[in-house]
Each structure stands twice: as structure tokens, then as C-alpha cells.
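K.L.:
curious how this folds, go ahead:
(one chain, ligands or ions: 2)
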Amino acid sequence: MAKIVVALGGNAILSKDASANAQIKAVKQTAKVLVNFVKNGDQLIITHGNGPQVGNLLLQQLAADNNENPAMPLDTCGAMTQGAIGYWFQNAMKEALLDNGINKDVVSVVTQTLVDENDPAFQNPSKPIGPFYKAGEVAELKAQHPDWQIVEDAGRGYRRVVPSPKPLAINEYHAIKQIVDAGIIPIVSGGGGIPVVKKGNQLIGTEAVIDKDFSASKIAQLIDADQLIILTSVGGVFYHYGKPNQQELKEVDVDEIQKHLDADEFAKGSMEPKVQAAVDFVRQTGHPAVIGALEDVQEIIRGTEGTTIKKQRVRV
Ligand SMILES: Nc1ncnc2c1ncn2[C@@H]1O[C@H](COP(=O)(O)OP(=O)(O)O)[C@@H](O)[C@H]1O
Ligand SMILES: NC(=O)OP(=O)(O)O
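P.N.:
Ligands and ions are numbered 1, 2, ... in the order given. As a prediction, the model looks like this:
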């Protein structure tokens, strides 16, 4: 039995329709796919993003007033999305397991991620959240919301960005370890975990959204996972992505891909954090990490799809 941390990207939860019903439907589809790991005898630990959802929830806060119904801050919005998505996944996984004759418990953990209040990321927002905007909408958005920072997101449109400090530790990891040891499937660190700083005995929320790939890597290291699998909407990692000479990687060793990371060859806010998170996991544990498509899970389990990053030198 391998302990596998699976990090789920936006396509696992949200397509175009951001209604709760549509997201529940997408999550049910994802759960059906994830059951393949359990059927294969693996212990799953699930984590997921929340970029679109937390951005949408922040937009909904604009309807709040300052008195009776005040807007919620970003850390609380993060917690709300973690709860909602965890609730959807918990039920979807349970249903998919039962449909396959497997009676296993699934539990979501409200997870807090410790960050450094002096992390330079607080001065340099980089995490895209919420909907995509067209280039022509940006000037008006900036006029309406002078405190927003908006950037182009990997050729897909424009999005608001917020600070994204690096995870230092996962506050609930001891409890998560025990859940895993009991054979229960936990859903943890949703949306990268709620970003908190420690002051004495207090954990204080900060206005940020942590990258779920980095916290997935952190939790995978802390619970001694055998593998980290980052599932997204693309079949693997490409060199020269989107160019005529693009090359998909099947297996690559950590030192080789590090050179490309150092040369800033991967898109910020999309593929770069996935590769960095995978590299960190491989370096810290010696175990492999895979980046691949959600739809290819069965092939990833068989080792025929996705990009595998390994410690030892292998064929690129
Ligand atoms: N070098 C690359 N190799 C593969 N995909 C890349 C690369 N650079 C950018 N991408 C883009 O990154 C996307 C995955 O990132 P993103 O959508 O942010 O992930 P998530 O699934 O976590 O929401 C892919 O769908 C692809 O369009
Ligand atoms: N928090 C986070 O990384 O979310 P996405 O994966 O949806 O961007």
C-alpha cells in the first residue's frame, strides 16, 4: 500500500458554471476517478485548490455593508471555501467508494498553514484568484477597485492577484497523520490551507491565498507520503510549452528539471509552482512526484502517462 497525496487543480472542481450544483457534479466526476487509487490498494490523501472559488467569494463580499452584514476577510473566505469544497468532496468520495463496494470513511480537516508574516510575498501579490477578465475590462476594474492588482494569467486572460506566502508548516499535521494511519481518507489543506501566523499561543489569519501545490508538497513530506501526484488539465510538463518545439517530459530527474526552473522557463502561477512543489518533495523524501492530467489517472497509476520527477538520473 502506497501513501499518495493527490493535489487537485481547478478542472477537478470548476468548469464554466460556478454554481454549487455544477461544482458538485464536477467533484462527483473527480471522485469517480480518484476511487481508482483506492481500488489499487493505495491510501489516498486529497488536497485541492480554491483560486476560482475564493476569488468569487471575495466578489460576493462586495455586496456586504459595514454594519449588519460586514464583508469577511480573505483568510475567512479561504476557510469558507475549504469547508464548502471539503463538504462536496467528502460526500462525493463516500458515494463513489460505496458505488464500488468500498466502505471507507472520508473526512475533511479544516487545515491551517503557518506562514511568515515577513514573507516578501505579502509585498508582491502573485496568486491569481477568481474569474478571468478580458484585457479591455482591466482599466475599469482598476478604477473601481484601486487596491486590486491584476495580471495576465499564463495567456488565459487577466485575473486579480493576492499575496501567496510559502507554507512553513501545516498546523494539523499530527492529527492528519493519525487519520491516515487509521486508513481514513482525509481531505486536507484545501486552497493551500488557511494562512496563519503564530503569535504566542494564538494563530492569526492573514490576507493571502497559499498555493495548494506548495502545501500539498509540504503535507506529503510531513506525513511521509510515498508519492505526490499533482493532477491538472494538461497531460504533463512540457519544455517550450505552446511553442512549435514543445517537448513533453515522461521521466526527468530532479537536477535536470531544476535547471529549467532556475532559468525561469515555466509559467508563473501555473506550471512553475507545480514543478517547484514536485522538486521539493523529491529532494526532501527521495520519492517520486508525478504531474499529469486528472483524466489520465488510470494510466498514471500504471505509470504510462504524466511526467514523473525522480531523484536518480533517468531518461528525459
Ligand atoms: N511548461 C508547461 N507545461 C505544461 N503546462 C503548462 C506549462 N506552462 C503553462 N502550462 C499551463 O498550466 C496549466 C496548469 O496550471 P493551472 O491551470 O494553474 O493548474 P491547476 O490545475 O492547479 O488549476 C496547464 O493547463 C497549461 O495550460
Ligand atoms: N489555492 C490554490 O492554489 O488554488 P488553485 O489551485 O485553484 O489556484
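
K.L.:
please, where are all the helices along this protein?
P.N.:
Remark: helices assigned in the chain by DSSP state H are 20-39, 51-61, 74-99, 138-144, 173-181, 212-222, 254-262, 271-285, 297-302.

K.L.:
of the ones you listed, flag the one that's most buried.
P.N.:
helix 212-222 (a mean of 26; mean count of other CB atoms under 10 Å). C-beta coordinates here come from the backbone N, C-alpha and C atoms, glycine included.

K.L.:
does ligand 2 sit close to that one?
P.N.:
Yes - counting by CB under 6 Å from any ligand atom, ligand 2 has neighbours in helix 212-222: residue 212.

K.L.:
the inter-axis angle of that helix versus helix 173-181?
P.N.:
Orientation of helix 212-222 against helix 173-181 (axes from the mean of the first three to the mean of the last three CA atoms, to 10 degrees) gives an angle of 70 degrees.

K.L.:
how about helix 212-222 as CSV, C-alpha atoms only?
P.N.:
Provided in CSV are the C-alpha atoms of helix 212-222 (Å, rounded to 0.1, in the frame of the first residue of the first chain):
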residue,chain,number,x,y,z
LYS,A,212,-2.1,24.4,-3.0
ASP,A,213,0.8,22.7,-4.8
PHE,A,214,3.3,24.0,-2.3
SER,A,215,1.2,23.0,0.7
ALA,A,216,0.5,19.6,-1.0
SER,A,217,4.2,19.1,-1.1
LYS,A,218,4.6,20.2,2.5
ILE,A,219,1.9,17.8,3.8
ALA,A,220,3.3,15.0,1.7
GLN,A,221,6.7,15.5,3.3
LEU,A,222,5.3,15.7,6.8
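
K.L.:
from this structure, which residue is nearest to ligand 1?
P.N.:
residue 9 (1.8 Å; CB to the nearest ligand atom).

K.L.:
neighbours around that residue, how many?
P.N.:
22 (other CB atoms under 10 Å).

K.L.:
ok, now residue 229?
P.N.:
Count around residue 229 with other CB under 10 Å applied: 26.

K.L.:
what's the answer for residue 265, then?
P.N.:
Residue 265 has 16 nearby residues by other CB under 10 Å.

K.L.:
next one, pLDDT for it please.
P.N.:
For residue 265, the model assigns a pLDDT of 95.

K.L.:
got the phi/psi numbers for it?
P.N.:
phi -90, psi -10 (degrees, to the nearest 10).

K.L.:
likewise for residue 267?
P.N.:
Dihedral angles (degrees, to the nearest 10) for residue 267: phi -70, psi 130.

K.L.:
number of nearby residues for the residue nearest to it when sequence neighbours are not counted?
P.N.:
Of all residues not flanking residue 267 in the chain, residue 154 sits nearest, at 4.4 Å (CB to CB, 6 or more residues apart in numbering). By other CB under 10 Å, 17 other residues sit near residue 154.

K.L.:
my read: residue 154 touches residue 272, true?
P.N.:
No - assessed by CB atoms under 8 Å, residue 154 is found out of contact with residue 272, at 9.5 Å.

K.L.:
ok, the residue nearest to residue 55 when sequence neighbours are not counted - how many residues close by?
P.N.:
Ranked by CB to CB, 6+ apart and with sequence neighbours excluded, the top spatial neighbour of residue 55 is residue 130, at 2.0 Å. Counted by other CB under 10 Å, the residues lying close to residue 130 total 20.

K.L.:
please name the residues that touch residue 130.
P.N.:
51, 52, 54, 55, 56, 58, 59, 159, 160 (CB atoms under 8 Å, 6 or more residues apart in numbering).

K.L.:
now the third one. Nearest residue, chain neighbours left out?
P.N.:
Taking CB to CB, 6+ apart as the measure, residue 54 lies nearest to residue 81, with 4.8 Å between them; neighbours along the chain are not counted.

K.L.:
which ones are touching the one you found?
P.N.:
Counting by CB under 8 Å, 6+ apart, residue 81 makes contact with 50, 53, 54, 57, 190, 191.

K.L.:
measure the fifth one to residue 140 for me?
P.N.:
According to CB to CB, to the nearest Å, residue 190 and residue 140 sit 32 Å apart.

K.L.:
confidence score at the residue nearest the centre of the chain?
P.N.:
By CA atoms, centre = their mean, the chain has its centre lying nearest to residue 212, at 3.0 Å. For residue 212, the pLDDT comes out at 98.
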